[in-house]
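compute the structure for the input listed below.
(one chain, ligands or ions: 2)
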Amino acid sequence: MKFFNVKTVPETHDIIREHFQATKKPITVALSNALGMVLAEEIISPETVPPFARSTVDGYTVKAKDTYGASESLPGFLDITGKIEMGKAADKLLQEGQAQYIPTGGMLPPGADSVVMVEHVEELGDLLNVYRQVAPGENVIQAGEDVQAGDVVLRAGRRLRPQDLGVLSAIGITEVSVFPRPVVGILSTGDEIVPPDKKELSPGEIRDINGITISAAARAYGATVIDAGIVKDEYDEFFTRAKELFEKVDLLLLSGGSSVGTRDFTVHVLEALGEPGILVHGVAVKPGKPTILAKAQGKPVLGLPGHPASAMIIFDLFAIPVLRQLEGLSTPAIDHRLSVRIARNIPSAVGRTDYVRVKLENRENELWAIPVFGKSGLITTMAESDGMVEIPASKEGILEGEFVRVKLFV
Ligand SMILES: Nc1nc2c(c(=O)[nH]1)N[C@H]1C(S)=C(S)[C@@H](COP(=O)(O)OP(=O)(O)OC[C@H]3O[C@@H](n4cnc5c(N)ncnc54)[C@H](O)[C@@H]3O)O[C@H]1N2
Ligand code: MOO
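Ligands and ions are numbered 1, 2, ... in the order given. Modelled structure (predicted):
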């Protein structure tokens, strides 16, 4: 049996976008629990921030025009007529020729338009010597400079970062509607795979690697993970365990058995989970060609290739885009790749996207990517690497010294 209809990486990404969307109902969470979640509503500010003009320094609030021309050699003179207190209304009108003491964050009184820093004045009883002129608005945050009531401050579909929570807090919103984090299930398959804590390996046995690497990668993304352990290559048990896990999760990941060997049941299990079944079997990518993407009852299932480096790279390449869709993220993924030079020629086949593991080396203050060669069955090739370089399907390889972009591993 051959892989049918191998898809390219961009085609597979298109299929993911077309087939999977946010499926879970939004939930309301307190701001303190909202970090990293995707906002499900547009936030329109009910308030203006700050609600009043505030000083950004400790100093004296003045009318700027009263300071014009003031310098070290020719100071201006103003009357000190008051002291503004933090957290209190500043309601005493500031008249021409006057100054009032104001702390950082204090409210500007009516009539004032700027603040001279304490470093640039000298207090002589009720008289203030001003040694520096200020412009209108200098050292002041204007009312509404941060947010105007009615502004759309955050759009639906963005992942909430600490600063986004700060905006919500500033406008008095303490609960938000977000999409729940996806639940990912992982099941490792293979008669040879045994739990890592087995004392003595029997001949032919291999300790499970993908269970922990893929669970950890999904957790690092922010998903909730159910690691369902290992299942043998026996159709009925495999199907029962996969189905049980499938019911509990938003994305099911199966490791191993994705190729076309006689014991490779994954494809049959995926087909039996529900309609429409297999969307992609085989991607023009190295490593990871035997990848399977399926959809059953609206849910995504990904068959990761068994080789440990391939499983991790394919998780990054396809499971993450699926998770982004499920979370309702509408902002484009930011390209965080580093641009560095490659230290060796690397050949590649046209028509296939290659991912080359690399380690970074600093050579005379310039970063170089050193390819980490080794089979995709070797997990240490991942541990030795700092990231991976993509060789697009259109290229015949990359030449030593060429600039490449490295996606760093987390
Ligand atoms: N005739 C062909 N054979 C293979 C091809 C091919 O195109 N034609 N593709 C190869 C590639 S590339 C890969 S990748 C693997 C993918 O195979 P499967 O997804 O079916 O995975 P398995 O056969 O179950 O396992 C492959 C390999 O990985 C080890 N493995 C599996 N699971 C784990 C785990 N949880 N922890 C550690 N190691 C694991 C497994 O023991 C095998 O050594 O197919 C090639 N064959
Ligand atoms: O493509 Mo396989 O995934 O080389 O190990």
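
can we go C-alpha only for contacts and neighbour counts from here?
OK.

buried residues in stretch 126-145?
The neighbour-count check on stretch 126-145 (16 or more other C-alpha atoms under 10 Å) flags 128-134, 137-143 as buried.

and those as a markdown table, adding distance to S55?
Output for the buried residues of stretch 126-145, formatted as a markdown table (distance: C-alpha to C-alpha, whole Å):
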| residue | distance to S55 |
| --- | --- |
| L128 | 18 |
| N129 | 20 |
| V130 | 17 |
| Y131 | 19 |
| R132 | 17 |
| Q133 | 16 |
| V134 | 13 |
| G137 | 9 |
| E138 | 9 |
| N139 | 6 |
| V140 | 5 |
| I141 | 6 |
| Q142 | 9 |
| A143 | 11 |
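
nearest to ligand 1 among these?
Ligand 1 lies nearest to I141 out of these, by C-alpha to the nearest ligand atom, at 57.2 Å.

the closest one contacts R54, doesn't it?
Yes: using C-alpha atoms under 8 Å, I141 is in contact with R54, at 5.2 Å.

hmm, back to that, which one of the buried residues of stretch 126-145 is nearest K24?
Using C-alpha to C-alpha, A143 comes nearest to K24 of the buried residues of stretch 126-145, at 39.4 Å.

and the pLDDT for that closest one?
pLDDT for A143: 97.

who touches it in this structure?
T48, V49, P50, P51, F52, A53, R54 (C-alpha atoms under 8 Å, 6 or more residues apart in numbering).

per-residue pLDDT, the residue positioned nearest the centre of the chain?
With distances taken as C-alpha atoms, centre = their mean, R159 lies nearest the centre of the chain, 7.1 Å away. Looking at R159, its pLDDT reads 96.

doesn't L39 make contact with it?
Yes: counting by C-alpha under 8 Å, R159 touches L39, with 6.3 Å between them.

assumed E237 was part of a helix.
Yes: per DSSP: H, G, I helix; E, B strand; the rest coil, E237 lies within a helix segment.

excluding chain neighbours, what is closest to it?
V231 (7.3 Å; C-alpha to C-alpha, 6 or more residues apart in numbering).

need phi/psi at that neighbour.
phi -130, psi 150 (degrees, to the nearest 10).

using CSV, list the CA coordinates for stretch 129-136.
What follows is stretch 129-136, C-alpha atoms only, in CSV (Å, rounded to 0.1, in the frame of the first residue of the first chain):
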residue,chain,number,x,y,z
ASN,A,129,12.3,80.1,41.5
VAL,A,130,11.9,78.3,38.1
TYR,A,131,15.1,77.5,36.3
ARG,A,132,13.7,75.7,33.3
GLN,A,133,10.8,76.4,31.0
VAL,A,134,8.1,73.8,30.2
ALA,A,135,5.8,73.4,27.2
PRO,A,136,2.0,72.9,27.6
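
how far does it sit from its chain's centre?
45 Å (C-alpha atoms, centre = their mean, to the nearest Å).

who's in contact with it?
63-65, 67-78, 113-116, 120-123.

before we move on, what about stretch 19-29?
Under C-alpha under 8 Å, 6+ apart, the answer for stretch 19-29 is 40, 175-180, 298-300, 322, 325-328.

compare those and tell me which has the most neighbours.
E327 (28 neighbours; other C-alpha atoms under 10 Å).
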